[in-house]
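K.L.:
Sequence plus predicted model, see below.
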Amino acid sequence: MQIRQLRIENFRGISSLLWKPGRPFCCVIGPGDSGKSTVLDAVEAALSSRWFAFAESDFRNCDTSASIVVEATVGELSKALKSDERFGLYVRGWTRVGNLRDEPEDDDEPVLTVRLTVDATLEPVWELVCDRVPDARTISNRDRALFGLLRLAGDDARQLSWAQGSVLSRLTGDSADAGARLAQAYRAAKDSAKLHEIESLAQAAEAAEGFAKGLGAYVEDGYAPGLELGRAGLSSGSIALLDGGVPLRLAGLGTRRLATLAIQKSAISEGAIVLVDEIEHGLEPHRIMGAIAQLKADQAKALKEARPVGQVLLTTHSDVVLGEVGAVGLFVCHTSRPGRETALIPPSDPAKIKSLMRHTPRALFARRILVCEGMTEVGILMGIRENWPEKHSGMPIERFGGAITDGNGNEAAAICLALAGLGYEVALFRDSDTEIPAGDREKLAAANVAVFEYGSGLNTEEAVFLAASDFRVQDLLDYAREERGSGSVDDNVVLKIPSVDRELVKEHFMAWELSGDVSGEELRRELAKLAGQKKWFKDQRIGRGMAPIVWGVVGDDPETPLAKTISAAEQWLYGT
């Protein structure tokens with residue numbers, strides 16, 4: 001099963017949302033309080049087989065006069081769902097271009113629409129709707145179970161035992177004698193607790209171990225059924241999944257989550273809809289990557305074998321997850337104020353977002369993004385930003401949703417436009433040694449992308465050196481020697497700047513100015529040109545290391561192009 005269209009009205013922080021995922025693997029990101037988890041909650045509430053209890057706080061602004069409505073239109077339907085004996089009368093059509101119609105045509109995909117409605121009585125009603133059928137059909141929790149939805153949000157230890165209704169119970173078998181075999185397991189537990197001798201439980205444990213390993217869960221000694229003592233009474237929940245004699249519910253959080261997800265997913269044979277809120281919770285980077293790779297591989301295998309693919313809808317705050325997911329299938333969640341209309345926006349130019357994700361994917365979790373043309377600028381501003389909080393009541397730019405990222409040189413303008421298309425506030429910080437093409441500048445202005453540049457044809461090295469005092473220039477030279485090697489820096493100075501000979505190069509910069517006919521400004525220009533050619537500071541780490549020197553240069557004279565440009569970027573990041 002796959003969700004083709006989701007409509008939400010008046011649910012928690014969402015006033016309205018219409019979303020067409022369009023892909024079997026979707027990753028939803030966005031700043032805090034934008035509604036990401038609420039979207040997954042709405043899907044779960046509409047399609048899960050379990051009962052949901054609603055409260056006034058689930059209504060937008062706690063206003064129960066406007067009903068909660070969640071409509072999930074589901075495709076890739078199983079034969080059971082499409083059959084005339086089940087829901088065939090309510091089948092609608094989903095067109096190739098992503099439109100819904102009540103009278104399906106031959107080339108349409110059969111879909112069903114489940115509508116969840118909650119009014120002031122707080123009683124939820126689940127129905128199948130189709131405009132060509134006069135009356136909606138109320139559906140039960142057993143009906144909703146046919147849509148194959150599972151959710152991994154926290155730590156559901158219940159799924160790691162043979163409790164009534166758990167997935168392990170289903171894995172044990174659904175034949176007529178399943179109850180008798182479970183009763184036999186209880187008697188065996190009372191008599192000798194040799195639950196591993198009961199074939200149905202042992203087979204289920206073995207299957208669960210395979211599923212968990214496939215998603216990257218750590219398995220120490222192998223899964224097996226066992227009696228978990230110390231719990232009130234002897235019930236089905238007393239028969240738990242053990243790993244080397246230790247209840248799996250006592251394993252690490254990441255392993256419990258992966259095992260739970262794997263076991264639940266294995267119980268749905270016809271393409272599960274998998275909801276995962278913050279998949280990175282409790283997992284190391286390598287297991288995050290492994291879990292996502294396995295989920296994708298499962299879908300690819302199903303597609304190759306012409307089986308139902310299912311759908312994965314996940315949220316994340318991890319740049320590791322973004323790196324593994326990629327730009328295709330990415331959606332950025334934005335909720336406007338005060339109306340609270342919510343949109344899930346896919347990249348219009350995935351290639352440009354991929355470029356950003358290679359360099360600074362974490363920027364995509366911010367509200368406003370300052371794109372710097374190169375690594376030097378990123379490093380300098382990342383270092384300088386540490387000095388800004390004392391000017392803003394102790395608040396860092398991150399408190400206001402600000403982030404600084406690398407625009408990868410000539411791609412910076414295109415990345416800005418791609419980010420603006422995703423709903424971010426965006427600005428560009430760049431050198432002035434080359435002009436932005438007129439067409440690009442017009443597009444940036446139309447997208448409300450602010451541009452900060454030094455002017456007068458200056459690049460960053462020139463802006464810094466020309467604004468620096470003699471002592472600051474000496475600091476820059478010393479730092480370049482520290483990072484690039486004294487011999488290399490001094491040899492290049494002697495080779496490229498004729499007025500500085502080998503004996504003089506080791507003297508203070510002021511001695512260079514006093515030694516010949518070349519002015520201090522000309523020497524600064526030559527040094528800036530040399531620094532750019534030899535890439536003394538073309539590294540984000542090195543740029544950040546020189547930030548204290550640049551901050552000193554800015555403080556010495558706030559009227560220089562360097563100081564004014566950095567100040568303008570600071571004010572934009574703080575929203576002032």
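P.N.:
Looks like it arrived, so ask away.

K.L.:
And the next helix or strand past the helix or strand bottoming out on mean pLDDT in the chain?
P.N.:
The weakest-scoring helix or strand in the chain, judged by mean pLDDT, DSSP states H and E, is helix 178-191 (a mean of 54). Later in the chain than helix 178-191, the nearest helix or strand by DSSP states H and E is helix 199-214.

K.L.:
Would you mind putting the CA coordinates of that following helix into PDB?
P.N.:
C-alpha atoms of helix 199-214 as PDB (Å, rounded to 0.1, in the frame of the first residue of the first chain):
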ATOM      1  CA  GLU A 199       8.300 -25.400  17.600                       C
ATOM      2  CA  SER A 200       6.000 -22.500  16.800                       C
ATOM      3  CA  LEU A 201       7.600 -20.200  19.300                       C
ATOM      4  CA  ALA A 202      11.100 -21.200  18.300                       C
ATOM      5  CA  GLN A 203      10.400 -20.600  14.600                       C
ATOM      6  CA  ALA A 204       8.900 -17.200  15.300                       C
ATOM      7  CA  ALA A 205      11.900 -16.200  17.400                       C
ATOM      8  CA  GLU A 206      14.300 -17.400  14.600                       C
ATOM      9  CA  ALA A 207      12.300 -15.400  12.000                       C
ATOM     10  CA  ALA A 208      12.300 -12.300  14.300                       C
ATOM     11  CA  GLU A 209      16.100 -12.600  14.600                       C
ATOM     12  CA  GLY A 210      16.600 -12.600  10.900                       C
ATOM     13  CA  PHE A 211      14.400  -9.600  10.400                       C
ATOM     14  CA  ALA A 212      16.100  -7.700  13.100                       C
ATOM     15  CA  LYS A 213      19.600  -8.500  11.800                       C
ATOM     16  CA  GLY A 214      18.500  -7.300   8.400                       C
END
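
K.L.:
Residue ranges in the protein under the pLDDT threshold?
P.N.:
Applying pLDDT under 70 to the chain flags the ranges 153-194, 227-239, 245, 247, 263-270, 337-340.

K.L.:
Tell me how it divides into domains.
P.N.:
Structurally, the chain divides into domains by automatic domain parsing as follows: 2-148+283-325, 162-267, 349-576.

K.L.:
From one end of the last one to the other, what's the distance?
P.N.:
Using CA to CA, to the nearest Å, one end of domain 349-576 lies 30 Å from the other.

K.L.:
all strands for the stretch 51-200 of the chain, in order.
P.N.:
68-75, 92-94, 100-101, 109-118, 124-129, 137-138, 149-152 (DSSP state E, counting those that start in this stretch).

K.L.:
How far off centre is the longest one?
P.N.:
If I follow you right, that is strand 109-118. 27 Å (CA atoms, centre = their mean, to the nearest Å).

K.L.:
what lines up beside it in the sheet?
P.N.:
strand 68-75 (antiparallel), strand 92-94 (antiparallel), strand 124-129 (antiparallel) (DSSP bridges).

K.L.:
So which of these is nearest residue 387?
P.N.:
Residue 387 sits nearest to strand 68-75 of all the strands paired with strand 109-118, at 47.4 Å, using CB to CB. For glycine as for every other residue, the C-beta is placed from the backbone atoms N, C-alpha and C.

K.L.:
export that closest one as CSV, just CAs?
P.N.:
Output of strand 68-75 as CSV, limited to C-alpha atoms (Å, rounded to 0.1, in the frame of the first residue of the first chain):
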residue,chain,number,x,y,z
ILE,A,68,-10.8,17.3,12.7
VAL,A,69,-10.7,15.8,9.3
VAL,A,70,-8.0,13.4,8.0
GLU,A,71,-8.4,11.9,4.6
ALA,A,72,-5.9,9.3,3.4
THR,A,73,-6.2,8.1,-0.2
VAL,A,74,-4.4,4.8,-0.5
GLY,A,75,-3.2,3.0,-3.7
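
K.L.:
Which residues does that strand contact?
P.N.:
1-11, 42-43, 45-47, 54, 58-59, 92, 94, 100, 109-119, 129, 147, 273 (CB atoms under 8 Å, 6 or more residues apart in numbering).

K.L.:
How many residues are close by the nearest residue to residue 344 once chain neighbours are set aside?
P.N.:
Nearest non-adjacent residue to residue 344, counting by CB to CB, 6 or more residues apart in numbering: residue 331, 4.2 Å away. Residues lying near residue 331 (other CB atoms under 10 Å) number 23.

K.L.:
just checking, what's the longest helix in this protein?
P.N.:
Counting residues, the longest helix in the chain under DSSP state H turns out to be helix 285-304.

K.L.:
how much does it deviate in direction from helix 199-214?
P.N.:
If you take axes from the mean of the first three to the mean of the last three CA atoms, to 10 degrees, helix 285-304 sits at 110 degrees to helix 199-214.

K.L.:
tell me which residues in helix 285-304 are buried?
P.N.:
For helix 285-304, burial by neighbour count (16 or more other CB atoms under 10 Å) applies to 287, 288, 289, 290, 291, 292, 294, 295, 296, 298, 299, 302.

K.L.:
Relative to residue 319, which of the residues you listed is nearest.
P.N.:
residue 288 (10.4 Å).
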